[in-house]
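[1] attaching a predicted model along with its sequence, questions to come.
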Amino acid sequence: MTGDLIYVAVIGAGGVGSHSLNQLNLLSKSYPNIILVLISRATKSLRALDPQKGLSLESWEKDLDASTSPALSIEQTIQILTLLPGSCVLVDNTSNQDVANAYPECLRRGISVVTPNKKAFSGHISLWKQIQEAAYKAQPGHDTKGLVYHESSVGAGLPIISTLKDLVDTGDKVLKIEGVFSGTMSFLFNNFAPVDGEGGKWSAEVKKAKEAGFTEPDPRDDLNGVDVARKLVILARICGLDIESTDSFPVQSLIPTELERVKSGEEFMEKLPQFDSSMEELRNEAVKEGKVVRFVGSIDVGKKALKVGLEKFGRSHPIAGLKGSDNIVSFYTERYGSNPLVVQGAGAGGAVTAMGVTADLIKVIQRLS
Ligand SMILES: NC(=O)C1=CN([C@@H]2O[C@H](COP(=O)(O)OP(=O)(O)OC[C@H]3O[C@@H](n4cnc5c(N)ncnc54)[C@H](OP(=O)(O)O)[C@@H]3O)[C@@H](O)[C@H]2O)C=CC1
Ligand SMILES: N[C@@H](CC=O)C(=O)O
Ligand code: NA
């Protein structure tokens, strides 16, 4: 399929970003009208000398490594995209707040946004409202505005946001959403407190989750429950609830009190083994009841009540039997009655998260073509 040129800028080339760039390379075989004009990391950037030709999607990694150009600010990136003579898409593969804060400006300038970054959609409600206001809608006066897609901000590539939007847009009434929303927490509890057999050491499992690329850049953002809280805020807002921020409801943190003030993620990881025994107590308490402990979240839409934290489950419960980094999300709605619509599968990891980003990019390209 061909069409007008679509200029793409990718910010962030880490665990998700590198897979996203490699998937973009594959995508460009079917959509030769895609032109990669820049890649930016926290420390360096790479710009196409000729924006009509773009960067090589085959050798982007080597070319970026060899680049001596400094990082670009989001303002510089917007400026570069604004001067291009066609449709532009910003792919934000960072967890950066400044980049997230700039989405309304991008959208107003007609730059579409595709991202797994949760910060914009789960931050203060005022930013969410600015994004909704600035994004394209099929209404007079909106024809020059950008599109925004963020499937991977909840459950990585799993179709959670698209499913919820379809339920809402087709007039179903969503009553409750509940499940396991963190790939990291799922991996940790599935391995630390398995249904069968011996579990590993808590801190060793945290290290493995980080190495596997499941955690946030700073794993404390997973362990303090905020990552799950962010996902719930996003889903609740799609259901029409005006949740002000992640501070608006109870969120259980698994960070030991003694480590709350530790400065760096590295120091935190170093000291975490000292607290393994308190997690073991938690595990043993559940075992005595014939149960396992898991980290879950729920949204009761009618009561506008969100909740994040530990719960115990019987060994035959679907949440107890999850494997790997699997998420499970159950949507209880009027149409689906007492048998919820359930989405389950890997909820973290570079490749599956980038899949959601690339699928969103395809939607944007198809709508712009
Ligand atoms: N990992 C996962 O399983 C999932 C991740 N996500 C989300 O995806 C996003 C990326 O996660 P992940 O790839 O794991 O994180 P990484 O830490 O691996 O990568 C982050 C990237 O962002 C870059 N970066 C940070 N700040 C800036 C900035 N100001 N300007 C330009 N580049 C910047 C970093 O640059 P440098 O390389 O120079 O450090 C790095 O390349 C996050 O928002 C995360 O929440 C969502 C779902 C699942
Ligand atoms: N750190 C997150 C990544 C995906 O959102 C998780 O573990 O779920
Ligand atoms: Na998703």
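    Sure, I can see it. Numbering: from 1, shown residues only. Ligands and ions are numbered 1, 2, ... in the order given.

[2] excluding chain neighbours, what is closest to the residue of the stretch 251-369 of the chain at minimum distance from ligand 2?
    Closest residue of the stretch 251-369 of the chain to ligand 2, C-beta to the nearest ligand atom: Ala348 (4.0 Å). Placement of C-beta: from N, CA and C, glycine included. Counting by C-beta to C-beta, 6 or more residues apart in numbering, Gly183 is the residue found nearest to Ala348 once chain neighbours are left out, at 2.4 Å.

[3] buried residues in stretch 206-218?
    Residues of stretch 206-218 classed as buried: Val206, Lys207, Ala209, Lys210, Ala212, Gly213, Phe214, Thr215, Glu216, Asp218 (neighbour count, 16 or more other C-beta atoms under 10 Å).

[4] which of these are close to ligand 1?
    Applying C-beta under 6 Å from any ligand atom to these, one finds that Gly213, Phe214, Glu216 fall near ligand 1.

[5] tell me, which of these make contact with ligand 2?
    Residues of those in contact with ligand 2 (C-beta under 6 Å from any ligand atom): Phe214, Glu216.

[6] for the top helix by length along the chain, packing partners?
    Longest among the helix segments of the chain by residue count, using DSSP state H, is helix 350-368. Here helix 350-368 touches strand 6-11, helix 15-30, strand 87-92, strand 111-114, strand 148-149, going by 3 or more C-beta pairs under 8 Å, 6 or more residues apart in numbering; DSSP states H and E.

[7] apply 10 Å and report the result again.
    For helix 350-368, the packing partners by 3 or more C-beta pairs under 10 Å, 6 or more residues apart in numbering; DSSP states H and E come out as strand 6-11, helix 15-30, strand 87-92, strand 111-114, strand 148-149, helix 161-169, strand 341-346.

[8] so which of these is nearest Phe331?
    Distance to Phe331, taken as C-beta to C-beta, is lowest for strand 341-346 among the helices and strands packed on helix 350-368, at 4.4 Å.

[9] that closest one to helix 350-368, inter-axis angle?
    Per axes from the mean of the first three to the mean of the last three C-alpha atoms, to 10 degrees, the angle that strand 341-346 makes with helix 350-368 is 130 degrees.

[10] quick one: mean pLDDT for strand 341-346?
    Mean pLDDT, strand 341-346: 98.

[11] what of stretch 250-257?
    Mean pLDDT, stretch 250-257: 97.

[12] just stretch 42-54 next, same as before
    Here the average pLDDT along stretch 42-54 is 96.

[13] before we move on, back to that, farthest pair within the buried residues of stretch 206-218?
    Greatest spatial distance in the buried residues of stretch 206-218: Ala212 and Asp218, 15.7 Å, computed using C-beta to C-beta.

[14] spell out which parts of this structure neighbour ligand 3.
    Contact residues, the chain versus ligand 3 (C-beta under 5 Å from the ion): Glu151, Gly155, Leu158, Ile160.

[15] how near is the second one to Leu322?
    Spelled out, it's Gly155. 13 Å (C-beta to C-beta, to the nearest Å).

[16] could you list the residues of the stretch 201-350 of the chain in contact with ligand 1?
    Residues of the stretch 201-350 of the chain that fall close to ligand 1, judged by C-beta under 6 Å from any ligand atom: Gly213, Phe214, Glu216, Pro217, Ala348, Gly349, Gly350.

[17] ok, now which ones touch the first one?
    Which is Gly213. Residues near Gly213 by C-beta atoms under 10 Å, 6 or more residues apart in numbering: Gly14, Gly15, Val16, Ser18, His19, Gly183, Ser325, Ala348, Gly349, Gly350, Ala351, Thr353.

[18] same check on the fourth one?
    Contacts were defined as C-beta under 10 Å, 6+ apart; by that measure Pro217 touches Gly12, Gly14, Gly15, Ala42, Thr94, Ser95, Asn96, Lys210, Gly265.

[19] which one in those is the model shakiest on?
    Gly265 (92).

[20] now stretch 283-292: buried residues?
    For stretch 283-292, a neighbour-count test (16+ other C-beta under 10 Å) marks Arg283, Ala286, Lys291, Val292 as buried.

[21] quick check: end-to-end length of it?
    7 Å (C-alpha to C-alpha, to the nearest Å).

[22] quick check: the residue of the chain nearest ligand 1.
    Residue of the chain nearest ligand 1, by C-beta to the nearest ligand atom: Gly14 (2.0 Å).

[23] tally of neighbours for that residue?
    By other C-beta atoms under 10 Å, 16 other residues sit near Gly14.

[24] show me the contacts for the nearest residue to it once chain neighbours are set aside.
    Counting by C-beta to C-beta, 6+ apart, Gly14 lies nearest to Asn93, which is 6.9 Å off, once chain neighbours are set aside. By C-beta under 10 Å, 6+ apart, the residues touching Asn93 are 10-21, 39-41, 99, 114-117, 152, 350, 353-354, 357.

[25] give me the domain ranges for the chain.
    In the domain annotation for the chain, the residue ranges read 6-156+352-368, 160-347 (automatic domain parsing).

[26] and the residue nearest to Gly347 when sequence neighbours are not counted, what are its phi and psi?
    Closest residue in space to Gly347, ignoring its immediate chain neighbours: Asn327 at 3.0 Å, by C-beta to C-beta, 6+ apart. Backbone torsions of Asn327, given as degrees, to the nearest 10, read phi -100, psi 150.

[27] Asn327 touches Ile177, doesn't it?
    No: counting by C-beta atoms under 10 Å, Asn327 does not reach Ile177; the two are 12.0 Å apart.
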